[in-house]
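Colleague: Next come a sequence and a model predicted from it.
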Amino acid sequence: MSVHLTLQKSYGCKGDYDKTIAIQKCGNYPYELTLRFAQCCLRCGACFAAGYSWFDKFGNNKRVRSNIPIEQIIADFQAILNPPFPHINYNWMRILGGEPLLNDRYIEYLLETLIKLSTIDANKFNNGIIIQTNGIHIGKGNTNILKNKLIELYKKNPKVVVVIEISIKGTNPEEFKLISNPEGKLFSGLQRFEFSTRLEEALFKYNIQSYYKLKELELPNLRPTIIAGYGISESFLLTEGRSPKSTMTILFDTDTPTYHPSLWSDNFKRLYNDFINDWKEFDNMFSKMPMYGIKDQFNYGWVRPAIGRTKKIYKGRFYDADYVTHRNPSVESKFKDILEKFFLKSNQEYYSTLIRR
Ligand code: SF4
C-alpha cells in the first residue's frame, strides 16, 4: 500500500515544488510548517485540493510522489532549520491533504515522521501539531496504530500536543452526500466498504463517530476537535462579511443553506453539544462550533479554481449573492441562524488556541 505526498515550495521561495515540508503563509509571520498528503476517500465538490485529493485525479498530478523515504522529510525539515531560513519558531506544524489518516499505512508513516521531527526539534513548531482529517478511517474504529504511535511520541517528547481536527461534512446524511460526493462517484473508489445501509449514511456515521473514537483513547498528548468543513462559505460571513453581499453557499433545498439548524440530524446535534461541553472551559470561543470554508481565502489565486468547479457541479444549488439574478431573501435571512451556531476566527487566533497547553 503506497503513501502519497504532495510536494510543495516554501512561501516566497522561487523554484520548483520539490519539498515535503514547507513554510506556508498561514497565521502571523513567521507562518506555519506544512506536510501535505495526497489522495482522499471523499470527493468533495468544493475541495480546494481536488487535483491531488480526488481519487480519480491525484495519480496524474505532477506534485504527487509515492513512498518518499521518511529520511527525505527529515532532511527537508532540517534544511528549514538552517540558513537561508530564519532561525525562529514557526507557529505550528499543520498536516493536511488529501487525507493524512487515509488508512493504517498513512497513519504509521505520518506518526513515525512526527516522532522523528519531535525528537529533532519540536520547538521549531511550538510543540504543536494540527492534523486535518475527514475522520472516515478513524470513525470505523481504526485507532490502534494511532494510539500506539501517540504513546511512543509522548514518551519521546511529552511537550508535543497533537490536535486532530475532524472536518464534519454536513449535518445529516443527505447533506453529507451533497458536500462530499455531489456527483455520486464515490462508490467505485470505496468498494471495500461493506454496507448494509446507504453509502452516505455509513460515511456520515464514521465522520461523526471519529470524534468519539479519538476521545476514547484518552491520551495526554492528543486533542480531538471538530470543524464544520463543507468548503464553500457561510464562514466568510462569520468573520467579516456582515454584508449580505458576502453570502455564498450550497443550498440544501430551495430556501435553506447547508448547515442550517433546521437540517440537523440527532447525531449531529449530539456531536455539537458534546463538543461544546468538552471545549467551552478550554476557551470561550468554543461556545459555538468552528466553521471553515474556501471563501475565507477568496483573495488567494488557488481558491478560484475550486469556486469555479463548485459552480459547475452545484449549478442552481450554488448560491452567491454577488452573482445571482434573483436574490433569495429567505436564504439570506437564514444566515442569521447559522451565525448563532458557528464561529470563525483568524487562523492565528484559532490554531494557536488549539495547540495551547
Ligand atoms: S475531505 Fe478534504 S481533501 Fe478530501 S475531498 Fe473533501 S475537502 Fe478534499
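Modeller: It's in. Note that this is a predicted model, so its numbers are computed, not measured. Numbers count the residues shown, from 1 in each chain.

Colleague: okay, now the residue lying closest to residue 279 once chain neighbours are set aside: neighbour count?
Modeller: Spatially, and ignoring its direct neighbours in sequence, residue 279 is nearest to residue 286 (3.7 Å; C-beta to C-beta, 6 or more residues apart in numbering). (Glycine included, C-beta is placed from N, CA and C.) Residues near residue 286, counting by other C-beta atoms under 10 Å, number 19.

Colleague: Now do the contacts for residue 286.
Modeller: 275-276, 279-280 (C-beta atoms under 8 Å, 6 or more residues apart in numbering).

Colleague: Now do residue 114 against residue 5, distance only.
Modeller: Distance, residue 114 to residue 5, by C-beta to C-beta, to the nearest Å: 14 Å.

Colleague: cool, and residue 173?
Modeller: 32 Å.

Colleague: quick one: which of the two has more around it?
Modeller: residue 5 (28 against 21).

Colleague: Please, which helix or strand holds the more buried one?
Modeller: strand 4-6 (DSSP states H and E).

Colleague: what sits up against that strand?
Modeller: Under C-beta under 8 Å, 6+ apart, the answer for strand 4-6 is 20, 35-39, 49, 52, 58, 61, 63-66, 68, 98.

Colleague: Tell me the one of those nearest residue 122?
Modeller: residue 35 (14.0 Å; C-beta to C-beta).

Colleague: In contact with that closest one, which residues?
Modeller: Contact analysis of residue 35 by C-beta under 8 Å, 6+ apart lists 5, 20-21, 73, 93-96, 100, 110, 113.

Colleague: ok so, going back, among the contacts of residue 286, show me the least confident.
Modeller: Minimum pLDDT across the contacts of residue 286 is recorded for residue 280, with 94.

Colleague: Tell me, how many residues neighbour that one?
Modeller: 13.

Colleague: okay but it is in contact with residue 287, surely?
Modeller: Yes - counting by C-beta atoms under 8 Å, residue 287 is a contact partner of residue 280 at 5.3 Å.

Colleague: neighbours around the residue of the stretch 101-250 of the chain found nearest the ligand, how many?
Modeller: Residue of the stretch 101-250 of the chain nearest the ligand, by C-beta to the nearest ligand atom: residue 134 (3.9 Å). By the measure other C-beta under 10 Å, the count of residues near residue 134 is 26.
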